[in-house]
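A.B. asks: Generate coordinates for the sequence data below:
(chains A and B)
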Protein chains: 2
Amino acid sequence: MNGLARYFPILDWGRTYDRSVLTSDLVAAVIVTIMLIPQSLAYAMLAGLPPQIGLYASILPLAAYALFGTSRTLAVGPVAVVSLMTASAVGQIAQQGTADYLTAAILLALLSGGMLVLMGIFRLGFLANFLSHPVISGFITASGLLIASSQLKHIFGLSVSGDTLPAILGGLALGIGETNPITLAIGIGAVLFLYLARTRLKGMFAAMGLKPRLADILTKAAPILAVAVTILLANAFDLGAHGVRLVGDIPRGLPVPGLPSISFDLVVTLAAPAFLISVIGFVESVSVAQTLASKRRQRIVPDQELIGLGAANIASGISSGYPVTGGFARSVVNFDAGAETPAAGFFTAIGIALATLFLTPLLTGLPQATLAATIIVAVLSLVDLKAIARVYEYSRADFAAMAATILVTLLWGVEPGVVSGVLLSLSLFLYRTSKPHMAVVGQVPGTEHFRNIDRHSVITDPSILSIRVDESLYFANSRYLEDRIAKLVADCPAVRHVILMCPAINDIDASALESLEEINHRLKDAGIAFHLSEVKGPVMDRLKRAHFLEELTGRVFLSQFEAVSSLRNGTAASPSLQSAQNDQPRRDDVTLVLRPDPSLP
Amino acid sequence: MNGLARYFPILDWGRTYDRSVLTSDLVAAVIVTIMLIPQSLAYAMLAGLPPQIGLYASILPLAAYALFGTSRTLAVGPVAVVSLMTASAVGQIAQQGTADYLTAAILLALLSGGMLVLMGIFRLGFLANFLSHPVISGFITASGLLIASSQLKHIFGLSVSGDTLPAILGGLALGIGETNPITLAIGIGAVLFLYLARTRLKGMFAAMGLKPRLADILTKAAPILAVAVTILLANAFDLGAHGVRLVGDIPRGLPVPGLPSISFDLVVTLAAPAFLISVIGFVESVSVAQTLASKRRQRIVPDQELIGLGAANIASGISSGYPVTGGFARSVVNFDAGAETPAAGFFTAIGIALATLFLTPLLTGLPQATLAATIIVAVLSLVDLKAIARVYEYSRADFAAMAATILVTLLWGVEPGVVSGVLLSLSLFLYRTSKPHMAVVGQVPGTEHFRNIDRHSVITDPSILSIRVDESLYFANSRYLEDRIAKLVADCPAVRHVILMCPAINDIDASALESLEEINHRLKDAGIAFHLSEVKGPVMDRLKRAHFLEELTGRVFLSQFEAVSSLRNGTAASPSLQSAQNDQPRRDDVTLVLRPDPSLP
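C.D. replies: Residues are numbered from 1 along each chain as shown, chains lettered A, B, ... in the order given. All right, here's what the predicted structure looks like:
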């Protein structure tokens, strides 16, 4: 993709657009539209916004993503985790149901969109890489639990607020006496129906002889059936008069494009949550897009995805919507239903626009409990307990970051949760690199290969101490290096040469350079020559710019084998060390094979 | 050092204490006391505190450090940088000259002492390693400039406040018209005298035939001479009545041990500056102690140093003092004057106590300009412009961290300066590790050694792509790895084996493991086997705990040489790849020697 097509992928796929592709896209759009209507309403409710806002966020953003996005099948719109994050961010500055609350949500979409576009232009997509997989996975699991529990109030028909697990559960416990039984019946019924639809219906359809793909799509349409049935029930028995909370009047008509009045203070307050929403939304969306693209051997361009998602959020903001991103479930439906190009997104946008114009009167009687049930069943699939066990088994550090993310998210909320997970995983990485693994190495018999004397049967020479440092040398570990080398040398009194084997040293910063100078200096005082081996090209280039190599008492060898051969055959020591050599017994000809000690790590 | 002696080093050196050591320590103590009197007054003025506070901070803290510290020659007390940091921290919450200001300074010493002791007990001394050399060096240089310019007001006899360079210089420029000419004359005279004493006097004494050590000590006593002469002048001409600001009455007598009344809010406010003061003070002090210890082949124990400095600060706090640490200049004087044990510190403490009891009336007439001159001349040696040039030449990243530290310290103050330097150096390290150096490698002819094909003449095989990654694999670079390998493979259509050479991979975290699984999966789809070579012991141990090795399409080889030999001699490919192999031309026997491309980095 070159030139304009890099920024407008439509110029790429648009050229080969034909009738058969159009048919595929139209079919997929119809199916996604049907799925998206209840989802939009539900996620708007989760975000604490009026239902029509969810619909608005499902029109223009889809069109904008279709123009700028690189995924052929990603379906953009309101999603659960971002809706929760919106509720959490906006809930801290305004009361649900007020005009300020809506303004803040719209501004959040605009800010997030602006940030995503800027990140795309400056190619800052790599920032998302600092969210490790365990942190993301822990955050999604915790969000799923938070979202599900936050919807229980609608199932019980209670008014409870709070955005942490203790607040939500405490509120429910206090209010449980005022449960509305009819609401509860509808809620539990809808949850059971949707849960069975998700787990059993596909198998039943298959047993009835339906094609797997059709069975799958029909299964995914279960929420619209739940919506239709509960609307009919609510209208037939006038459930609204019996205390069942209904969606109520939804304004007909399309949103008028425009900007809310924005205060600078509000922008400052919302900047941090907008950034987190941008990054989390981007990560979620890109991983969905990448999974789907690789199934059809297509490619997505992460930096252009930032622009696509940014455009979608800006479009959401100027049409009174709230933050959106690519959703997993609906993208899979879009893909399975045969969508071939982003045009399917355009058609879905038209479908939702038509629904907003003509279907909203039908939705007035929809019980909120039904929407809550669709959310609960949808988000429980986000909770992945097996991933927690897998990470625990593989790496305690990763598990610690994951556990911190989950606990902090549940107990203090979504923003502290992500931030503490990221900070903990970075801190653990820094801590680990500050105390690098170091090994004394010897030659594997019959090869030119050198390995850890504690793990392999290797040949060593008592006058030569070969130390391999398994980390780049930088400020956080340079003093540790000095201490360790001093200790290793102190334990080997016969040593006359220290070789620092550097294949794992990818960088030596200014602090580490000073430490190497210090080590060289101290070893020189002790009559020991200091050599380097297997120094990488870029590291060597930089060392040449300093005075270290001139002061080095020993030499720099291309390979460890060359270093040991040359020093063992003797005599290559620098003149300044001659006297020290004479003080010590000559044992050049003694070699010994060390056995690995099984008790060592 | 075992048992109690680990925590009370006095049990170690005290056993061999004899008369000759006593004499050496006493001589050193007298010299340090003479040097410390004007310094204590001057640094208290720099910290915005009454002069006696500087004296108090030079009594008990010295005794406490002598009990717990591991350096034989470190001289503890008020120092320039910590005094500046105290002024900056306390100045934000109280007005100079008020009781609240003093209380906050005392609390700062207590907090800092408590933190240092805790860091010592929990062996958290490694935290100081996250201050890189360039950040420390930049901070010290910037502090020197800030301190020197903050003292100009005393030289001009003006009242100017502010703790950033623009505020200080702006204030001076506005007030310059009200300069007191006599004060200016004394100030400039003292600066010139002290500067010449520092740069020339030693040579003059040497020319007069004095021993170098004596010449050196006499030179260091120049400030006490400047103090004496200006006191005489001020008294003789009653300069106080001519607008020359004098030190004024200093309360006689020793501080009464006790604690100030402390509010919890104040503790919270001062916690962050106290932490920074602790870490900066520790780093400064340890580097002085280490330099001096290595000259006499002694050792210091960093974690015990934390306890020693912590005890000194707590002692300072309970005797109405402010934060202290080991000072460079006075420790060198102590060392040069022949101090052999920490007992010299005890004796210095007694000397300062005597001075506080009996000498303070003599100091009433001391012009503040004289103290300012001693500070200015002392701190200019902190400004190390050559270090800036050296770091610039060696590493742009280190230079960026250094420049940021200097600029932010000068423009926004000391705390933001240190914090931004540390954050920038950590960010640059993370950024660098997130885009690791990767090289395609080949065999160096006649050896078993493999190096970068762009830098060395090496043998490669078109069906085998050997890639060396020069960094541990973790969340921040795992996606980059996927992208790079995909691109490298796409450029080599004949490839049937990819070998990831892992000598520089010191860790593979859970995110990177998922990426390796993904790479293995994608290569498998493309009919390419994925092998690993030279995987380190600890990394291999961990990989065995995951399912990756079972899914791996290729093998794990001990050495890269073994990997290439075995794959080139053919046929070791896994059965699942047989069909893919047949699709491609067999070119196993073709080897070629690549020449390095000089245009490549």
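
A.B. asks: Going by contacts, tell me the helices and strands next to the longest helix seen in chain A.
C.D. replies: Ordering each helix of chain A by length in residues (DSSP state H) puts helix A:264-295 first. Secondary-structure packing of helix A:264-295 (3 or more CB pairs under 8 Å, 6 or more residues apart in numbering or on different chains; DSSP states H and E): helix A:80-91, helix A:99-121, helix A:133-156, helix A:302-318, strand A:325-326, helix A:328-336, helix A:414-434. Quick note: C-beta positions are derived from backbone N, CA and C, even for glycine.

A.B. asks: Tell me the buried residues in whatever helix or strand comes next after the longest one?
C.D. replies: In other words, helix A:133-156. Next helix or strand after helix A:133-156 toward the C-terminus (DSSP states H and E): helix A:165-175. Neighbour counts using 16 or more other CB atoms under 10 Å in any protein chain shown place A:165, A:167, A:168, A:171, A:172 of helix A:165-175 among the buried residues.

A.B. asks: Could you pull up the mean pLDDT of the next helix or strand after helix A:165-175?
C.D. replies: The element immediately downstream of helix A:165-175 (helix or strand, assigned by DSSP H and E) is helix A:181-196. Average pLDDT, helix A:181-196: 93.

A.B. asks: Spell out which helix or strand contains the spatially closest residue to residue A:253 that is not a sequence neighbour, please.
C.D. replies: Spatial nearest neighbour of residue A:253, excluding adjacent residues (CB to CB, 6 or more residues apart in numbering or on different chains): residue A:357 at 6.6 Å. Using DSSP H and E, the element containing residue A:357 is helix A:343-358.

A.B. asks: Packing partners of whatever helix or strand comes next after that helix?
C.D. replies: Downstream of helix A:343-358, the next assigned helix or strand under DSSP H and E is helix A:360-363. Helices and strands touching helix A:360-363, by 3+ CB pairs under 8 Å, 6+ apart, are helix A:51-56, helix A:222-236.

A.B. asks: try it again with 10 Å
C.D. replies: Contacts defined by 3 or more CB pairs under 10 Å, 6 or more residues apart in numbering or on different chains; DSSP states H and E place helix A:360-363 against helix A:19-46, helix A:51-56, helix A:222-236.

A.B. asks: just for chain A, where's the confidence low?
C.D. replies: Counting by pLDDT under 70, chain A has low-confidence residues at A:1-3, A:294, A:297, A:570-601.

A.B. asks: Now do the same contact list for residue A:189.
C.D. replies: A:226, A:229, A:230, A:233, A:369, A:370, A:373 (CB atoms under 10 Å, 6 or more residues apart in numbering or on different chains).

A.B. asks: Pull the contacting residues for the closest residue to chain B within the stretch 351-500 of chain A.
C.D. replies: Chain B sits closest to residue A:475 of the stretch 351-500 of chain A, with a gap of 3.3 Å, by CB to the nearest CB. Going by CB under 10 Å, 6+ apart, residue A:475 touches A:434, A:509-512, A:514-515, B:129-136, B:398, B:401, B:422, B:425-426, B:429.

A.B. asks: The one helix or strand residue A:439 maps to and chain B in contact?
C.D. replies: If you go by DSSP H and E, residue A:439 is part of strand A:438-443. Yes. Remark: strand A:438-443 sits within contact range of chain B at residue A:439, by CB under 10 Å from any CB of the partner chain.

A.B. asks: what's the next secondary structure element after that strand?
C.D. replies: strand A:450-452.

A.B. asks: is that next one anywhere near chain B?
C.D. replies: Yes. Interface with chain B: strand A:450-452 contributes A:450, A:451, A:452 (CB under 10 Å from any CB).

A.B. asks: Close to chain B: what parts of the stretch 301-450 of chain A are there?
C.D. replies: A:302, A:387, A:390-395, A:397-399, A:401-402, A:422, A:425-437, A:439, A:444, A:447-450.

A.B. asks: Can you lay out the contacts of residue A:189 as JSON lines showing distance to residue B:146 and neighbour count?
C.D. replies: Shown next, in JSON lines, are the contacts of residue A:189 (distance: CB to CB, whole Å; neighbours: other CB atoms under 10 Å in any protein chain shown):
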{"residue": "A:226", "distance to residue B:146": "68", "neighbour count": "25"}
{"residue": "A:229", "distance to residue B:146": "74", "neighbour count": "15"}
{"residue": "A:230", "distance to residue B:146": "70", "neighbour count": "25"}
{"residue": "A:233", "distance to residue B:146": "75", "neighbour count": "18"}
{"residue": "A:369", "distance to residue B:146": "65", "neighbour count": "30"}
{"residue": "A:370", "distance to residue B:146": "66", "neighbour count": "32"}
{"residue": "A:373", "distance to residue B:146": "64", "neighbour count": "29"}
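
A.B. asks: Nice, that's everything, thank you.
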